[in-house]
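Peer 1: build the 3D model from these lines:
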Amino acid sequence: MKRWIVCAVLIVLTVGSVSAQQTSPSQDASDPYKPTLDRLESLTTLPLPDWRFHADVAHPEDPSLDDSGWQAMRVGDTWSTGSRVLRRWVEIPEKINGYAVMGARVKLDLRFDFNWNNKGPVTIAVFSNGSLVSRGDDDMQQPIPLTENAQPGQKFLIAARIDAQEVETEFHHAWLTIEPASGRPDPAMLRMEILAARPMIAAYEEGRAERQQQSDAAIKAIDFSPLDKNDQAGFDASLRQAQDKLQALNPWLKQFTVRAVGNSHIDMAWLWPWTETVEVVRNTFQSVLDLMREYSNFKFTMSSARTYEWMQEKYPDMFEQIRQRVKEGRWEVIGGMWVEPDLNMPDGESLVRQILVGKRYFQKNFGADIKIGWNPDSFGYNWQLPQIYKKSGIDYFVTSKLLWATDYTKFPYRLFWWEAPDGSRLLTYFPHEYANGFEPEQITKDFSSYAPSIYGPKLTDSPQMLYLYGIGDHGGGPTRTMLDRADRLRDPSTVFPKIDFSTAKDFFVDLNQELPNLNVPTWKDEL
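Peer 2: Down below sits the predicted model:
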């Protein structure tokens with residue numbers, strides 16, 4: 001067990017190191033447009049580096065509480081002394097680096113990171129002007145709305161209580177994000193569109209020069225001189241001109257489709273007892289059901305029959321809501337196994353029993369004949385698995401872990417036929433990850449490497465990519481922040497690939513029709 005933990009930590013450290021080395025275009029010092037893109041970013045983000053802290057106190061949100069004697073804390077600081085309270089006043093400025101804030105939507109983005117190995121339960125509560133505005137665990141941290149109509153001079157007393165054991169905790173970041181009032185162009189959105197288009201442009205040689213010129217023309221249309229002269233209307237006009245020029249790329253990008261699948265991989269009693277796992281499942285499922293009422297197109301995919309049986313036993317009303325969403329086609333049951341097991345060590349009978357019992361449960365309770373194997377977080381996969389899956393009535397397999405070990409043996413494929421020694425073949429797909437946020441530039445970086453390898457270097461088809469998003473491991477699933485961002489990207493006028501809220505089943509149905517024209521290799525070995 002200790003050797004396993006060491007290996008896992010080494011993999012995580014390696015992936016973190018590799019990720020840090022993969023510099024985005026906006027961070028590339030040789031990029032001639034870096035100053036423009038960086039300045040755009042500076043107009044809608046206000047850092048909040050300085051805070052005061054104290055050991056846990058009652059009612060930290062009380063404005064009459066005197067914190068003048070509290071010690072100072074800055075973003076980047078760490079502590080290991082258990083629970084802590086942070087406070088500071090935030091005043092809405094008239095401008096951020098010259099950009100007018102009046103009427104904007106303002107969110108507070110706070111983030112705390114914790115040492116995973118001995119973390120224990122964590123609760124983060126955030127108050128604004130005396131009201132509780134957010135409460136959850138560390139996995140559910142997301143930007144918190146402060147106001148929908150910012151007025152210069154508005155003040156907010158922010159208090160955050162971090163309930164944690166004596167574990168290393170880092171104050172990762174704190175800033176305000178500004179979304180301009182309706183009718184004004186959004187500098188952050190324009191910057192995102194430009195950065196997200198770049199990997200796609202670079203991936204296809206045919207037509208690249210023309211598309212690069214279209215992107216360059218949009219950036220060159222951004223004129224900061226009116227902003228320097230206090231002419232907000234003039235600056236907004238230049239952003240609109242840049243948006244109009246960037247629209248030339250939109251029809252080309254809309255040929256690509258991102259099949260966005262909401263999910264939440266949940267580790268079954270990994271660093272927590274099974275009773276906490278039940279609570280994590282309940283909270284995740286309730287969050288999904290709540291969001292489905294707010295976002296009419298949102299769909300969710302979830303494996304592991306055991307998680308559903310817990311809800312059936314303990315929360316029958318919730319279970320019936322899930323059954324209704326399955327009937328509607330908005331909640332996809334998948335995987336066909338009792339849990340997501342290790343796929344290296346168990347013997348064949350154990351894995352067959354996982355599928356036998358899991359598929360029977362899904363058939364009995366949801367009328368679903370599961371055809372897609374789903375195990376994104378296992379650390380390896382024995383060579384008999386295609387035979388076991390196929391003889392159990394499963395035709396597809398989705399996992400992702402092998403893409404983590406980029407400094408070791410790099411696996412060469414994303415979509416391939418996996419063939420067992422007896423000749424059984426399973427169409428296997430590796431998404432980028434199983435617990436993505438909804439980060440536009442990361443989506444297109446992934447798409448730009450995936451699409452040419454599968455569909456070929458010339459754009460003759462309409463490439464599709466399965467993209468899994470949602471907080472995982474300790475549950476959580478998709479968040480409102482992710483869905484709001486997805487809705488903005490799904491707007492037809494947004495210069496971005498087409499976003500389709502989807503299920504894995506719909507993705508594979510379409511993929512089956514495309515198979516004769518795709519480059520799908522065969523792998524004859526363990527994974």
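
Peer 1: from what I can see residue 473 touches residue 139, true?
Peer 2: Yes - with contact defined as C-beta atoms under 8 Å, residue 473 reaches residue 139; the gap is 7.4 Å. In this view, the C-beta of every residue, glycine as well, is placed from N, C-alpha and C.

Peer 1: so what does residue 244 look like in phi/psi?
Peer 2: Note on residue 244: its backbone torsions stand at phi -60, psi -40 [degrees, to the nearest 10].

Peer 1: quick check, pLDDT for it.
Peer 2: pLDDT recorded at residue 244 is 97.

Peer 1: tell me how far it lies from residue 233.
Peer 2: 17 Å (C-beta to C-beta, to the nearest Å).

Peer 1: hmm, back to that, quick one, which of residue 473 and residue 139 is more surrounded?
Peer 2: Comparing residue 473 with residue 139 by other C-beta atoms under 10 Å, the one with more neighbours is residue 139, at 20 against 17.

Peer 1: for the more buried one, which three-state class applies?
Peer 2: helix (DSSP: H, G, I helix; E, B strand; the rest coil).

Peer 1: contacting residues for the nearest residue to it once chain neighbours are set aside?
Peer 2: In space, and not counting its chain neighbours, residue 139 is closest to residue 476: 4.5 Å by C-beta to C-beta, 6 or more residues apart in numbering. Contacts for residue 476 (C-beta atoms under 8 Å, 6 or more residues apart in numbering) come out as 139-140, 264, 283-284, 287, 470.

Peer 1: change it to 7 Å
Peer 2: Counting by C-beta atoms under 7 Å, 6 or more residues apart in numbering, residue 476 makes contact with 139-140, 264, 284, 470.

Peer 1: please apply the same query to residue 488.
Peer 2: So residue 488 contacts residue 494 (C-beta under 7 Å, 6+ apart).

Peer 1: secondary structure element for it, which one?
Peer 2: Taking DSSP states H and E as the definition, one finds residue 488 inside helix 480-490.

Peer 1: hang on, residue 521 packs against residue 416?
Peer 2: Yes - when contacts are counted by C-beta atoms under 7 Å, residue 521 is listed as touching residue 416 (5.0 Å).

Peer 1: quick check on those two: which one has the bigger neighbour count.
Peer 2: residue 416 (20 against 10).

Peer 1: which strand or helix spans the more buried one?
Peer 2: Short version, using DSSP H and E: residue 416 is in strand 415-419.

Peer 1: centre of the chain to that strand, how far?
Peer 2: Centroid separation between strand 415-419 and its chain, computed with C-alpha atoms, centre = their mean, to the nearest Å, is 26 Å.

Peer 1: against which helices or strands is the helix or strand following it packed?
Peer 2: Going down the chain from strand 415-419, the next helix or strand is strand 425-429, by DSSP H and E. On a contact count with 3 or more C-beta pairs under 7 Å, 6 or more residues apart in numbering; DSSP states H and E, strand 425-429 meets helix 385-391, strand 396-398, strand 415-419.

Peer 1: for those, which one ends up most surrounded?
Peer 2: Most buried of these, by mean neighbour count (mean count of other C-beta atoms under 10 Å): strand 396-398, with a mean of 23.

Peer 1: related to what we said a few turns ago, which one of residue 244 and residue 233 has more residues nearby?
Peer 2: Shown here are residue 244 and residue 233; by other C-beta under 10 Å, residue 244 has more neighbours (12 against 9).

Peer 1: just say helix, strand or coil for the nearest residue to residue 124 once chain neighbours are set aside.
Peer 2: Excluding its sequence neighbours, the residue lying closest to residue 124 (C-beta to C-beta, 6+ apart) is residue 162, at 5.5 Å. Three-state call for residue 162 (three-state DSSP): strand.

Peer 1: how much space between residue 162 and residue 518?
Peer 2: 49 Å.

Peer 1: these two: who's more crowded?
Peer 2: Neighbour count, other C-beta under 10 Å: between residue 162 and residue 518, residue 162 has more, with 23 against 13.

Peer 1: thought that one was touching residue 125?
Peer 2: No - Residue 162 is not in contact with residue 125 according to C-beta under 7 Å; the separation is 8.3 Å.

Peer 1: you'd agree residue 332 is up against residue 502?
Peer 2: No - using C-beta under 7 Å as the test, residue 332 is too far from residue 502 to be in contact (9.2 Å).

Peer 1: what touches both of these two?
Peer 2: residue 299.

Peer 1: so between these two, which is more surrounded?
Peer 2: residue 332 (26 against 22).

Peer 1: list the helices and strands the strand or helix carrying that one packs on?
Peer 2: Per DSSP H and E: residue 332 is located in strand 331-333. Strand 331-333 sits against strand 300-302, helix 316-328, with contacts defined as 3+ C-beta pairs under 7 Å, 6+ apart.

Peer 1: could you rerun that using 6 Å?
Peer 2: Taking 3 or more C-beta pairs under 6 Å, 6 or more residues apart in numbering; DSSP states H and E as contact, there are no helices or strands that strand 331-333 lies on.
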